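>>> coordinates only, no sequence provided:
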């Protein structure tokens, strides 16, 4: 997706008039609590030769759990253009909310408190904007997800990596458990691992340097086995999985085990006043 096309698609998504009356507002369903993720660093798994080994991440707010079906139902009720029968193919593929019983009916395969899945990046962004929030960046999400259960660095925590690998080897259940039912990590965030994959705002930059895989600025060896030779950690299989997933996505894609949670920037600290 080119940098010129994306703003046009986003503008089209927001152009439809709002309904005169709605039965449910998004605010009627309580949003997940926001948790402060302190400032830190993110070490990209794969990077260009001229890119830094670590990226500074400013403190930010992240929802404690993924967005639920009930929350997304309130959103599509208030914003009909994002209902399953109305969303355009540019913004969501045919799998969009396909496990719901109807436009405004969840059904047995989509319990109200389970994480919403089969939502496109466009829809997730629209939901976050309606909440006054946004999707986290890759650096923010990875910074939050790097924390272990007992400390800020899961890589140093015995058994943490094994827990992540165990999830990757299990088949997805037909009906997902409740969002937020997992063990909280060091920051108090739940289900960053072990429940669903999650959209991030800049997913399309996961393995590319240009606007698409066809760009001449692309470091092509990132898409073959040789690209792993310069990886930060060859043993971090979950990170390879996340990077591979993000690089395979398009904004309209919907995936049975791909959900999202919202983030929010912290206000900038006022400048100090010198006497």
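Arrived safely, thanks for sending. This is a predicted model, so every value here is computed, not measured.
>>> ok, residue 147 - contacts?
Counting by Cβ atoms under 8 Å, 6 or more residues apart in numbering, residue 147 touches 153-154, 185-187, 189. The way it works is simple: take the backbone N, C-alpha and C, and place the C-beta from them, glycine included.
>>> rerun at 10 Å
Going by Cβ atoms under 10 Å, 6 or more residues apart in numbering, residue 147 touches 37-38, 40, 153-154, 157, 160, 184-189, 192.
>>> look up phi and psi at residue 56.
phi -70, psi 140 (degrees, to the nearest 10).
>>> correct me if wrong: it contacts residue 41.
Yes. Assessed by Cβ atoms under 10 Å, residue 56 is found in contact with residue 41 at 5.9 Å.
>>> one step back: the contacts of residue 147 in strands, which ones?
Among the contacts of residue 147, the members falling in strands (DSSP state E) are 37, 40.
>>> just the buried ones among the contacts of residue 147, please.
37, 40, 154, 157, 160, 184-187, 189, 192 (16 or more other Cβ atoms under 10 Å).
>>> turn these into a markdown table, columns for pLDDT.
Formatted as a markdown table, these follow (pLDDT from 0 to 100):
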| residue | pLDDT |
| --- | --- |
| 37 | 97 |
| 40 | 94 |
| 154 | 90 |
| 157 | 90 |
| 160 | 90 |
| 184 | 95 |
| 185 | 96 |
| 186 | 96 |
| 187 | 96 |
| 189 | 97 |
| 192 | 95 |
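>>> in a markdown table: those, plus distance to residue 265.
Below are the buried ones among the contacts of residue 147 laid out as a markdown table (distance: Cβ to Cβ, whole Å):
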| residue | distance to residue 265 |
| --- | --- |
| 37 | 11 |
| 40 | 15 |
| 154 | 24 |
| 157 | 28 |
| 160 | 28 |
| 184 | 23 |
| 185 | 21 |
| 186 | 21 |
| 187 | 17 |
| 189 | 17 |
| 192 | 19 |
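>>> pick the one among these closest to residue 114.
Nearest to residue 114 among the buried ones among the contacts of residue 147, counting by Cβ to Cβ, is residue 192 at 16.3 Å.
>>> max pairwise distance over the contacts of residue 147: which two?
Top of the distance list for those (Cβ to Cβ): 38 and 160, 18.9 Å.
>>> shared neighbours of residue 56 and residue 41, anything?
Residues touching both residue 56 and residue 41 (Cβ under 10 Å, 6+ apart) are 139, 143.
>>> and the buried ones among the contacts of residue 147, which is closest to residue 137?
Lowest distance from residue 137 to the buried ones among the contacts of residue 147 (Cβ to Cβ) belongs to residue 37, with 11.7 Å.
>>> find the nearest non-adjacent residue to the closest one, please.
The spatially closest residue to residue 37, leaving aside those adjacent along the chain, is residue 144, at 4.8 Å (Cβ to Cβ, 6 or more residues apart in numbering).
>>> what residue is smack in the middle of the chain?
Taking Cα atoms, centre = their mean, the centroid of the chain lies closest to residue 199, which sits 2.3 Å from it.
>>> find the nearest non-adjacent residue to that one, please.
Closest residue to residue 199 apart from its sequence neighbours, by Cβ to Cβ, 6+ apart: residue 260 at 4.1 Å.
>>> the one you found: what's it in contact with?
For residue 260, the contact set (Cβ under 10 Å, 6+ apart) comprises 63, 66-67, 72, 115-117, 119, 121, 123-125, 127-128, 135-136, 141, 196-201.
>>> buried only: go through the residues you listed for me.
Neighbour counting over the contacts of residue 260 (16+ other Cβ under 10 Å) leaves 63, 66-67, 72, 115-117, 119, 121, 123-125, 127-128, 135-136, 141, 196-201 as the buried ones.
>>> among those, which lie within strands?
Members of these lying in strands (criterion: DSSP E): 63, 197-198.
>>> going by distance to residue 95, which of those wins?
When those are ranked by distance to residue 95 (Cβ to Cβ), residue 197 comes first, at 14.4 Å.
>>> pairing partners for that closest one in the sheet, please.
Bridge pairing for residue 197 (DSSP bridges) gives the partners residue 258.
>>> measure it to residue 252 for me?
In this view, residue 197 and residue 252 are 16 Å apart by Cβ to Cβ, to the nearest Å.
>>> alright, I will stop here.
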